[in-house]
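> Need coordinates for the below:
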Amino acid sequence: MTKHWFTMQDPHVLKYDRPGVWVYPRYEDTARKVEPGDRIAIYETSKHRKTGEEGEKAVVALVVVRNITREIERDEDGEEWLRVADVDFIAKDGNCPLKMALSILKPEIRSKNKPNLGSYIRSYGGKVIPIDPEHFEKFGDYFADYESETTKAQNNAVDAFESAIEREGQGFTSKEIRDAIESYAMSEAKRYLEEKGYSQIKDCSKGNPYDFKCMLGGDTYFVEVKGTQTSGDTVLVTANEANHATFNKNRAILFVVSSIEVKRGRNGQPVANGGTRRIISPWEITTGTLEPVVYRYSLPSQNESTID
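Have a look, this model is predicted:
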């Protein structure tokens, strides 16, 4: 059975050409149960403890173990590391911030009687520690090239619900309408950000709990985009989107385009236009009302149910 792990390493470690997982030699025992096929989330500590080099201070890579090895290697500062596994990247260049990592790992931290992530890192840095699969999946929400099962399920549920409330007509399917609306809302949001002087505007809608990441005045902002044919008084937000907005309330922006019209274009495909723009910045999600609309339900065990 696939196991999931978490490791904390100095910032320079992932710069090696041959990706792998390292531990301090004195912590070799922590990696004894790691096996091929296991998955590991790698967190880079805030600073290289010798050089003072700033790290990503985030979960920066998700890897799968290819094979087990036990090789002593030295980094550029002469520090000894024990390479315990050769790995392949599942996703890299992640941006799971410190606060969110703390939230995800709270059960693990509490089980080890550690008051915060800082003391957790000091106690477990350079080690490999087991984590629940659910926690690994949550880290995956912060990688543009990784779509976790949780995110996939939430997005599918929201798409189905939104498709049900959008008006079908002119021979279009609800999916065609949704695609046209989403594309239009994204283009409107990008145009707005450019008008307001935001820079480094990046589409992060795939695999992330926000749609755009951008800069203004040296600060990073996350933009959630919603498009709808309705009045826009209510919009659907996934659990991951809500959590991300909560932990980034001073840097989150909600961009809503409502009352969008959809007509048939010259090529016969649906074209969205018009609508009213509403921008909430900063987006403090607690100032609105969150109402549960969709749940993921796990069936009881077979001995508690009847299978026909």
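
> any low-confidence regions in the stretch 1-150 of the chain?
Along the stretch 1-150 of the chain, the parts satisfying pLDDT under 70 run over 10-17, 45-59, 75-76, 95, 97-99, 102, 106-125, 144-150.

> Can you show me the strands along it?
Here the stretch 1-150 of the chain has its strands, by DSSP state E, counting those that start in this stretch, at 4-9, 20-23, 39-44, 58-74, 80-96, 128-130.

> Could you export those as CSV, including mean neighbour count and distance to residue 267?
C-betas here are computed from N, CA, C, even on glycine. As requested, the strands of the stretch 1-150 of the chain are exported to CSV (neighbours: other Cβ atoms under 10 Å; distance: least, Cβ to Cβ, whole Å):
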stretch, mean neighbour count, distance to residue 267
strand 4-9, 23, 47
strand 20-23, 24, 50
strand 39-44, 24, 44
strand 58-74, 17, 40
strand 80-96, 19, 36
strand 128-130, 19, 53
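
> So which of these is nearest residue 136?
Among the strands of the stretch 1-150 of the chain, the nearest to residue 136 by Cβ to Cβ is strand 4-9 (4.2 Å).

> Hey, what's the angle from the closest one to strand 80-96? Just curious.
Going by axes from the mean of the first three to the mean of the last three Cα atoms, to 10 degrees, strand 4-9 is angled at 110 degrees with respect to strand 80-96.

> Run through the neighbouring helices and strands of strand 4-9.
strand 20-23, strand 39-44, strand 128-130, helix 133-140 (3 or more Cβ pairs under 8 Å, 6 or more residues apart in numbering; DSSP states H and E).

> Format those as TSV; extra columns: distance to residue 174.
Rendered in TSV, the data for the helices and strands packed on strand 4-9 read as follows (distance: least, Cβ to Cβ, whole Å):
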stretch	distance to residue 174
strand 20-23	45
strand 39-44	36
strand 128-130	43
helix 133-140	28
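
> wait, which of those is closest to residue 30?
Each of the helices and strands packed on strand 4-9 was scored for nearness to residue 30 using Cβ to Cβ, and the closest is strand 128-130 (4.9 Å).

> ok, the closest one: who's next to it in the sheet?
Here strand 128-130 is paired, per DSSP bridges, with strand 4-9 (antiparallel).

> Show residues contacting the strand it pairs with.
When contacts are defined by Cβ atoms under 8 Å, 6 or more residues apart in numbering, strand 4-9 is touched by residues 21-23, 34, 38-45, 105, 108, 121, 124-133, 135-136.

> mind running it again at 7 Å?
With contacts defined as Cβ atoms under 7 Å, 6 or more residues apart in numbering, strand 4-9 is touched by 21-22, 34, 38-45, 121, 124-133, 136.

> who's in contact with the nearest residue to residue 67 once chain neighbours are set aside?
Closest residue to residue 67 in three dimensions, ignoring its sequence neighbours and counting by Cβ to Cβ, 6 or more residues apart in numbering: residue 86, at 5.2 Å. Remark: with contacts taken as Cβ under 7 Å, 6+ apart, residue 86 is in contact with 20, 66-67, 69.

> Do you have the strands of the stretch 151-300 of the chain handy? List them.
So, for the stretch 151-300 of the chain - with DSSP E, counting those that start in this stretch - the strands run 199-203, 212-216, 219-227, 252-258, 261-264, 270-273, 276-280.

> Can you tell me which of the ones you listed is packed in deepest?
strand 252-258 (a mean of 23; mean count of other Cβ atoms under 10 Å).

> returning to what we had before: how about a markdown table for the strands of the stretch 151-300 of the chain, with mean pLDDT and distance to residue 235 added?
Formatted as a markdown table, the strands of the stretch 151-300 of the chain follow (pLDDT from 0 to 100; distance: least, Cβ to Cβ, whole Å):
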| stretch | mean pLDDT | distance to residue 235 |
| --- | --- | --- |
| strand 199-203 | 93 | 19 |
| strand 212-216 | 93 | 16 |
| strand 219-227 | 92 | 4 |
| strand 252-258 | 92 | 6 |
| strand 261-264 | 86 | 17 |
| strand 270-273 | 87 | 16 |
| strand 276-280 | 92 | 10 |
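
> closest to residue 233 out of these?
Among the strands of the stretch 151-300 of the chain, strand 252-258 sits nearest to residue 233 (Cβ to Cβ), with 8.0 Å.

> Can I get that closest one in CSV, CA atoms only?
Taking Å, rounded to 0.1, in the frame of the first residue of the first chain, the C-alpha atoms of strand 252-258 are listed here in CSV:
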residue,chain,number,x,y,z
ALA,A,252,-7.3,37.8,-1.9
ILE,A,253,-9.5,39.5,-4.5
LEU,A,254,-12.9,38.3,-5.7
PHE,A,255,-13.8,39.3,-9.3
VAL,A,256,-17.4,38.6,-10.3
VAL,A,257,-19.0,39.1,-13.7
SER,A,258,-22.8,38.7,-13.5
